[in-house]
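Engineer: pasting the sequence and the predicted coordinates here, then a few questions.
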Amino acid sequence: MEVSTIRDGFDRVVKKQKLSNSKSQEVIDHVGCEIRDALAKFHSVEDQAFNQKSILSDLKNKLNACGPHSMLEGVQKELNANIGKYMKLLEKYFNPDISKAYRNVDFDFHTVNKILVGHFYRQGLFEIGDCLVNEARNPEATELRSHFWEMHHIVEALRAKDIDPALKWVLAKREKLAVCGSNLELKLHRLQFMEILQRGTRVDALNYARTCLAPLASQKLDEFQKLMACLLWQDRLDSSPYAELTDPTHWAKFTKELTQQFCSLLGQPYESPLTVAVAAGSEGLPTLLKLANVMAAKKTEWQAMKHLPVPVELGKEFQFHSIFVCPVSRDQASEENPPMLLPCGHVLCKQSIMKLSKSSTRTFKCPYCPAEAAVTQCRQLYF
Amino acid sequence: MEIDPPASNGNPSAPAGSAAVAAVASAAAAAAPAASKMTQLTESLKLEHQFLRVPFEHYKKSIRANHRVVEKEVSSVISGVGEVADSADVSRDEAVDRLSSLVSRLQGLKRKLEEESRTEHLQAQRCRARLDHLESADSENLSDWNNTRLKRILVDYMLRMSYYDTAVKLAETSNIQDLVDLDVFQEAKRVIDALQNKEVGPALAWCAENKARLKKSKSVFEFQLRLQEFIELVRAENYTRAIAYARKYLAPWGATHMKEVQRVMATLAFKSSTECATYKVLFEPKQWELLVDLFKQEFCRLYGMTVEPLLNIYLQAGLSALKTPYCYEDDCSKEDPLSQESFRKLAMPLPYSKQHHSKLVCYITKELMDTENPPLVLPNGYVYSTKALEEMAKQNDGKITCPRSGLVCNYTDLVKAYIS
């Protein structure tokens, strides 16, 4: 991006604007001066109506002759030229109308508002979410709000190394967490134990281990033994084999894992879906705009097409589904046309295999290697 | 995604040098996404036309307005002098008085100009702040920059939807006042509020202010306002005034909009209680809402903004790019925005994306299966990533349990699949 070129263009506009302003000041001063001069002459010359007349017409002629308009006109012309140039520059370096890729469909704003409110709550911007509910007269999302409120409460507390709210939540969800194989409870106690070990006394740590860690020890015995061994190294944990356990990033990692679990139990994604969709939009828009330009002649097609005619490449963070495209037919695999593994390890779609084998009447050569294959040797894959 | 058969990919069992090859390969793989991130960034920056254009239009508008004031005032002072000079019987005192008042008028103009140049300066600063912001985007702060962009897009949406309080709050808490167009929309708010109260005054004033440009874009907004005022007079059964109004304000549009003029004139015969559909709609309150919509369009066009909110444009593009038939299945990954009901609803009328190449996501780790992390096939045809299965084998003495079918097998039973 040539921001410097654009900046130069802008600086030229500002320069001319300043010049034009000072020119205006100059003209005003000049006219004012002439009038004041004339007034001074009035005072200095005592009598005569004749003189008054000549002073006034003198003044009039002078003002008309100096032509303030022509004085201003020049700089303004230059300024306007620079403004025009700058606008052209913007048009050249940027895409002047990104709405070309917009499909004129009913984009229900209630739904959009609902998404925004959810987004604000998720980000912990409760006040802004409430304000939007109010202003947009949206139905309140009380339930979602209280869930995210709890989540932010837990996260805030963890930031201050207070594990209580987190522990309360983990205990309340113990069964559900066990189902997804999460050991948040143990991890939480481990964090707290290490914290006590570093800041408190050995007795405190030992007591904590007895009451909180021991009941969970069977989950991960080796983990538990390691923690107990840490007791021996208190005061010099940094030089112990367990120094890694004191790493403060464990808190941040734990917070992330807990938020992930929290969202997943809510049936919500970990990343804000709005953030993901808009980020995908900014990656996809340039391609879509190029496409829209190519298709500009057939506007109706743009509005009506069911499939985009070209792929819009997104980063791998936007890949949520396995999509198999047959390298022979370029068709996307489907239930009727599933991907099949050839004995040589290459994968084709069923229809392509049928074609190559003349409807399974004979063996065929793999299109990617010299191996021969028969349809009966091929098996369906599930991604 | 390209995964070559082993023959062309070096010999995986060769002990010497294979680590070095792998290191080079992974370094190249790391460099490639970084480079593509940069081109992607450059491409996405090109979408920011409105971001620079709107504050510049604002700046330009003040410049132009100031010029007009200076020109008008100076020429009227000069013609004032001319009048004094040309009138035959002006007493000396009177002449002095009139000239002095012209001098103080010039002083007033000068003060005003100074004030305005401060405004211009602030506006120029805002344009600069935006240039700085665009320039500040690089691969290091990309995620922060993207977050700010999302916030800018949201503020833009809320301003266009007239959720001003929320817009201001979000801009303030995120400290992005210079990067959003709060002040520009203040101007729109005045007009919209008035139209919602069924007052056309501010809207007409706005039309007068932007007459030249509206005319250039062949805008019919003013005409629509006049029609509505006429309708209101008819509604109030104020016929004589209505006719006088039509003569003065509707007749000039006759040359280009005869049909519409004729149609509203007919309401004189029908009254506001008419059941005749053609005329009934003209009296409906939603006409005022249409005026608000029309104003918003004209306003956006004048400032070089897209007519649709940026949010809608970005969301549509993003959802089209993400939309696949798999998104609507029950086991759709929660991380996919299209697993959420509201996003599905928005995406309904949008096209599906197209893929030219296979992209396989591991069911267990949700990671992409590529050359680095190739897909392995279980004896029953289920496919998972090497990473996931290696980890599972390590934890369970080389045994693999398929999470979807429950099949148990040995790690050694797995075969590689080559996807091209």
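Structural biologist: Arrived safely, thanks for sending.
Engineer: tell me how many other residues surround residue B:140.
Structural biologist: As a burial measure, residue B:140 scores 8 neighbours (other Cβ atoms under 10 Å in any protein chain shown). The way it works is simple: take the backbone N, C-alpha and C, and place the C-beta from them, glycine included.
Engineer: the one 5 residues further on too?
Structural biologist: Look at residue B:145: counted by other Cβ under 10 Å, it has 19 neighbours.
Engineer: helix or strand: which one has the residue of chain A found nearest chain B?
Structural biologist: Nearest residue of chain A to chain B, counting by Cβ to the nearest Cβ: residue A:281, 3.1 Å away. Residue A:281 belongs to helix A:273-294 when assigned by DSSP states H and E.
Engineer: which residues in chain A form strands?
Structural biologist: For chain A, the strands identified by DSSP state E occupy A:339-341, A:347-349, A:364-365, A:372-373, A:379-380, in order along the chain.
Engineer: okay if I get these as TSV plus distance to residue B:193, mean pLDDT and mean neighbour count?
Structural biologist: What follows is the strands of chain A, written out as TSV (distance: least, Cβ to Cβ, whole Å; pLDDT from 0 to 100; neighbours: other Cβ atoms under 10 Å in any protein chain shown):
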stretch	distance to residue B:193	mean pLDDT	mean neighbour count
strand A:339-341	60	92	25
strand A:347-349	60	91	25
strand A:364-365	73	87	16
strand A:372-373	73	84	18
strand A:379-380	64	90	13
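Engineer: looking at these, which is closest to residue A:101?
Structural biologist: Nearest of the strands of chain A to residue A:101, taken as Cβ to Cβ: strand A:347-349 at 31.1 Å.
Engineer: for that closest one, packing partners?
Structural biologist: Counting contacts by 3 or more Cβ pairs under 8 Å, 6 or more residues apart in numbering or on different chains; DSSP states H and E, strand A:347-349 packs against strand A:339-341.
Engineer: what's the spacing between the strand it packs on and its chain's center?
Structural biologist: For strand A:339-341, the gap between its own C-alpha mean and the chain's C-alpha mean amounts to 37 Å (Cα atoms, centre = their mean, to the nearest Å).
Engineer: then stretch A:156-173?
Structural biologist: Remark: stretch A:156-173 is offset 29 Å from the chain centroid, using Cα atoms, centre = their mean.
Engineer: show the average pLDDT along stretch A:208-227.
Structural biologist: Averaged over stretch A:208-227, pLDDT sits at 82.
Engineer: residue B:359 versus the residue of chain A closest to chain B, what's the distance?
Structural biologist: Separation of residue A:281 from residue B:359 (Cβ to Cβ, to the nearest Å): 19 Å.
Engineer: who has more neighbours, these two?
Structural biologist: Per other Cβ under 10 Å, whichever of residue A:281 and residue B:359 has more neighbours is residue A:281, with 28 against 24.
Engineer: what sits against that one?
Structural biologist: Counting by Cβ atoms under 8 Å, 6 or more residues apart in numbering or on different chains, residue A:281 makes contact with B:313, B:314, B:315, B:316, B:317, B:318, B:319, B:321.
Engineer: wait, what's in contact with the last one?
Structural biologist: Neighbouring residues of residue B:321 by Cβ under 8 Å, 6+ apart: A:280, A:281, A:283, A:284, A:288, A:308, A:312, A:314, A:318, B:353.
Engineer: go on, residue B:401?
Structural biologist: Contacts of residue B:401 by Cβ under 8 Å, 6+ apart are B:392, B:407, B:408.
Engineer: ramachandran angles for residue A:334?
Structural biologist: When read as degrees, to the nearest 10, the backbone of residue A:334 gives phi -150, psi -180.
Engineer: setting the sequence-adjacent residues aside, check what's closest to it.
Structural biologist: residue B:325 (7.9 Å; Cβ to Cβ, 6 or more residues apart in numbering or on different chains).
Engineer: up against chain A, what does the stretch 151-300 of chain B have?
Structural biologist: Residues of the stretch 151-300 of chain B lying near chain A by Cβ under 8 Å from any Cβ of the partner chain: B:153, B:154, B:157, B:158, B:161, B:163, B:164, B:165, B:166, B:169, B:170, B:173.
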